[in-house]
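*Asks:* got a structure for you, letters missing:
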């Protein structure tokens, strides 16, 4: 496996970047179709603008989140901060940036925020499916060594290969890819069910956080909050917060 698809002179096409393009295109297409099905008052151009703003804001905050948690390194090598192709985007930071930008964008439009958020939720999950494939090809967001038969040895030039040369490790990127794909299919199916606005959006955070908590124990590159994995802390808080929204608001019930 190689992170580079092809190089032509100064032009290099990487799997990591291509997956972002796929996530944007397929995600925007799905959002557009769902908004049309729900007759939401938002144009195709506005949806594309929304997606672009959320994506770039998400990438910026995902990098900022990662850099803050690894400041002991980046404080000494400031020129490494913009080099996202070396790995180092934290999904929880991306969610903070993407959701914040999305809310600001929607506050200036007449579309129902929660109904639109439900239309967007499956696409966020699908984008993470593409993202984890990019991590797999890049050899980052990797796992710890394992003796299981499905352990993979990554190229020595990759981030995983440098940390664990010639050692089979858990392909946690594929674990999470599979879980995210399952969550995506669940969210896509539930969109046909009757429920209050906001249910799918809140359920997205619960499902993703459960999956992330499961795979984080196999990660070798976890961020830490003291002696606890930061992903555990974030997942716990997100599950509590958005489960509370669902149950106190009875969002699974039909809207009247």
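*Replies:* Great, that's in hand. If you're wondering where the values come from, they're calculated on a predicted model, not measured in any experiment.

*Asks:* after the helix or strand containing residue 36, heading C-terminal, what element do we hit next?
*Replies:* Per DSSP states H and E, residue 36 falls inside helix 15-37. Downstream of helix 15-37, the next assigned helix or strand under DSSP H and E is helix 44-69.

*Asks:* got the angle for that following helix vs helix 15-37?
*Replies:* Per axes from the mean of the first three to the mean of the last three C-alpha atoms, to 10 degrees, the angle that helix 44-69 makes with helix 15-37 is 140 degrees.

*Asks:* just checking the distance from helix 44-69 to the centre of its chain.
*Replies:* A distance of 11 Å separates the centroid of the chain from that of helix 44-69, by C-alpha atoms, centre = their mean, to the nearest Å.

*Asks:* hmm, who's touching the helix or strand that comes right after that helix?
*Replies:* Downstream of helix 44-69, the first helix or strand assigned by DSSP H and E is helix 71-74. For helix 71-74, contacts defined as C-beta atoms under 8 Å, 6 or more residues apart in numbering pick out 67, 80, 81. In short, each C-beta sits where N, CA and C put it, glycine included.

*Asks:* for burial, what's the neighbour tally of the closest residue to the first one other than its chain neighbours?
*Replies:* When you say that, I think you mean residue 67. Excluding its sequence neighbours, the residue lying closest to residue 67 (C-beta to C-beta, 6 or more residues apart in numbering) is residue 74, at 4.9 Å. Neighbourhood size, residue 74 [other C-beta atoms under 10 Å]: 17.

*Asks:* could you do residue 245 as well?
*Replies:* Neighbour count of residue 245, defined by other C-beta under 10 Å: 16.

*Asks:* and residue 12, how far from residue 236?
*Replies:* Distance, residue 12 to residue 236, using C-beta to C-beta, to the nearest Å: 39 Å.

*Asks:* ugh, wrong one, I meant residue 64
*Replies:* 22 Å.

*Asks:* which one's more surrounded, those two?
*Replies:* Comparing residue 64 with residue 236 by other C-beta under 10 Å, the one with more neighbours is residue 64, at 17 against 13.

*Asks:* right, and residue 154 touches residue 141 too?
*Replies:* No - here residue 154 lies out of contact with residue 141, judged by C-beta atoms under 8 Å, at a distance of 11.5 Å.

*Asks:* what about the helix holding residue 36, average pLDDT?
*Replies:* Mean per-residue pLDDT for helix 15-37: 94.

*Asks:* and for it, what's in contact with it?
*Replies:* Contacts to helix 15-37, defined as C-beta under 8 Å, 6+ apart, come from residues 3-5, 42, 44, 47-48, 51-52, 55, 59, 85, 116, 119-120, 122-124, 126-127, 130-131, 133-135, 137-138, 191.

*Asks:* could you redo the last one with a cut-off of 7 Å?
*Replies:* 3, 5, 42, 44, 47-48, 51, 55, 85, 119-120, 122-123, 126-127, 130-131, 133-134, 137-138, 191 (C-beta atoms under 7 Å, 6 or more residues apart in numbering).

*Asks:* could I get the full set of strands for this structure?
*Replies:* 4-8, 11-14, 224-225, 228-229 (DSSP state E).

*Asks:* kindly reformat the ones you listed as CSV and extend each row with distance to residue 20 and mean neighbour count.
*Replies:* Conversion of the strands of the chain to CSV gives the following (distance: least, C-beta to C-beta, whole Å; neighbours: other C-beta atoms under 10 Å):
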stretch, distance to residue 20, mean neighbour count
strand 4-8, 13, 10
strand 11-14, 10, 13
strand 224-225, 27, 13
strand 228-229, 25, 14
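
*Asks:* if anything else comes up later, I'll come back, but that's it for now.
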